[in-house]
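Q: sequence below, structure please.
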Amino acid sequence: MTELVESDNIKVRFAPSPTGHLHVGGARTALFNYLFARRYGGRLLLRIEDTDRDRSSVEFEKEIIDDLRWLGIHWDEGPIRQSERFDLYREYAEKLLREGKAYFCYCTPEELEAERQKQIAEGKPPRYSGRCRTLTDEQKRLFESEGRRPVIRFRLPDDRAEVKVKDLVRGEVKFSISALDDFIIMRSDGIPTYNFAVVVDDYLMGITDVLRAEEHLPNTPKQVLIYEALGWDVPRFAHVSMILGPDRTKLSKRHGATSISEYRRRGFLPEALVNYLALLGWSSKDSRELFTMEELIDRFSVESLSGSPAVFDDKKLLWMNGHYIRSADIDRITKLCIPYLEGAGYGGVDFERWKKIILVTRDYLSTLSEIPEHVGIFFGERVEVERGAEKYLKYPHVPLIIREFIRRTRDAEKLDADRVLDILRGMLKDFGLSGRKLIMPLRVAITGRTKGPEIYNIVEILGKEVTIKRLENTYKELNADG
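A: Predicted structure coming up:
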């Protein structure tokens, strides 16, 4: 395996197609290229591969760029769009035509399909036969008079048995020429195919290393042949592992969220996604799992990239996101939570109050979008007791401890968390009750729930008036039931 050192000459690229959302596989490729460039002192170029005119859109391009920036992936050049470079592709296709390394093919789709079906019927692998390789000028004129618009096909070398590629992840990989056919490099409408455009772009843009997903490995021999036909140096390739779903099939929408924009909407933090994506095909030598972007850059190495499939574990991502929510700056998390809260109908709450609420509830979050589920206990003067919690209000001593908690709460000058904790400790001592027999009934009486933030934090946020009102309402209901 090639050992890399820092070099100003290293240049990589991320080249998304704006025909859809940025998915986790593409985001991981972008991240690995970013880490590679920063780790080895190189540069990252962003290229938009928008030659598919029917499916490409400005909206998808903007979303991809926004998602990359949100993840903290920054490029040094670009974005450069392939749709603005058609003349360049034509220029190099014509060079190959002049040198006899490519040729015009006039076969119609119907003729190609008939040829394909014949080969299948004969038990042969379907591939282009090369029937247009030796057309005369007269034959070409005849086809053109019929209105046929030719494609340009690359002429496979007749004196070559295989293509060898030194992959930074997989070592030497060999491809048999016999498995290929004379592939198309320019369509009849003048638009280049992927394999041709990517070679021209990578060479002219000075790309030294191509880091991409394993699914592009079959494209590599075609691209190497084009490099060699044009007399250009071949870049280093690194094909990283595929990302699989829990059922070990290729990750897709059926496995749940796969686009970065969807994870953003669900309330994932960029640092959590970056951290998790980095572990899909890369691992630290010390088996650590939590990293900042700076730590990833410092530790990243090509040698640590894996060729084995990586399994996307949504549970692990949720755990990691929860970790980052708990450890992030509270002002930042509060700002990020407020849109979800307002969307759920919690309006008119000042920032400082939200900050107090989120500070004591974020321990229960896996995503920011879950926050509305945890704040209901802080609103309203009446509580709705959840199913199964009412048993804690049926102890004989419950009315007594409610009345006493109301009295001590009312007498407190400042009802902050420390003062509430003092009240609870005093009652535990005075009543000789276990924590569960005192705290749980009070929790249910105040919130209607058996789980949640510490009761002293809840009371501080609710304030004296609302706390007492809730306890009085519960006490009345208990007496009514009695």
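
Q: state the distance from Glu390 to Phe268.
A: Distance, Glu390 to Phe268, by Cβ to Cβ, to the nearest Å: 37 Å. All C-beta atoms are positioned from the backbone trio N, CA, C, and that covers glycine.

Q: between these two, which has more neighbouring residues?
A: Under the criterion of other Cβ atoms under 10 Å, the comparison of Glu390 against Phe268 puts Phe268 first, with 24 against 12.

Q: SS state for that one?
A: Following DSSP: H, G, I helix; E, B strand; the rest coil, Phe268 is assigned to coil.

Q: for it, which non-adjacent residue is spatially closest?
A: Nearest non-adjacent residue to Phe268, counting by Cβ to Cβ, 6 or more residues apart in numbering: Asn321, 5.1 Å away.

Q: contacts only, for the one you found.
A: The neighbours of Asn321, taking Cβ atoms under 8 Å, 6 or more residues apart in numbering as the test, are 268-269, 272-273, 366-367.

Q: can you tell me the SS state at it?
A: Reduced to three states with three-state DSSP, the structure at Asn321 is helix.

Q: returning to that earlier point: got the contacts of Asn321 as JSON lines, with distance to Ile48 columns?
A: JSON lines is the format used below for the contacts of Asn321 (distance: Cβ to Cβ, whole Å):
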{"residue": "Phe268", "distance to Ile48": "25"}
{"residue": "Leu269", "distance to Ile48": "27"}
{"residue": "Ala272", "distance to Ile48": "27"}
{"residue": "Leu273", "distance to Ile48": "22"}
{"residue": "Ser366", "distance to Ile48": "34"}
{"residue": "Thr367", "distance to Ile48": "30"}
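
Q: any chance of CSV for those, columns distance to Glu215 and pLDDT?
A: Below are the contacts of Asn321 laid out as CSV (distance: Cβ to Cβ, whole Å; pLDDT from 0 to 100):
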residue, distance to Glu215, pLDDT
Phe268, 25, 98
Leu269, 28, 98
Ala272, 26, 98
Leu273, 21, 98
Ser366, 30, 98
Thr367, 29, 98
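
Q: now, the most widely separated pair of those?
A: The distance between the two most remote of those (Cβ to Cβ) is 13.2 Å, for Leu273 and Ser366.

Q: comparing the two, which residue is more hemmed in?
A: Between Leu273 and Ser366, Leu273 has the larger neighbour count (other Cβ under 10 Å), namely 25 against 20.

Q: and which of the contacts of Asn321 is nearest Arg187?
A: Sorting the contacts of Asn321 by distance to Arg187 puts Leu273 at the head of the list, at 36.6 Å, by Cβ to Cβ.

Q: in what helix or strand does Arg436 lie?
A: helix 435-447 (DSSP states H and E).

Q: got the contact list for the helix or strand bottoming out on mean pLDDT in the chain?
A: The least trusted helix or strand in the chain, going by mean pLDDT, DSSP states H and E, turns out to be helix 464-481, with a mean of 90. Here helix 464-481 makes contact (Cβ under 8 Å, 6+ apart) with 381-383, 393, 398-399, 402-403, 405-406, 409-410, 412, 415, 445-446, 459, 462.

Q: coming back round to it: beyond the helix holding Arg436, next helix or strand please.
A: Next helix or strand after helix 435-447 toward the C-terminus (DSSP H and E): helix 455-462.

Q: packing partners for that following helix?
A: Applying 3 or more Cβ pairs under 8 Å, 6 or more residues apart in numbering; DSSP states H and E, one finds that helix 455-462 makes contact with helix 351-361, helix 417-431, helix 435-447.

Q: let's see it at 6 Å
A: On a contact count with 3 or more Cβ pairs under 6 Å, 6 or more residues apart in numbering; DSSP states H and E, helix 455-462 meets helix 351-361, helix 417-431.

Q: and the contacts of the longest one?
A: So the one you mean is helix 417-431. With Cβ atoms under 6 Å, 6 or more residues apart in numbering as the contact definition, helix 417-431 has outside contacts at 408, 412, 438, 456-457, 459-460.
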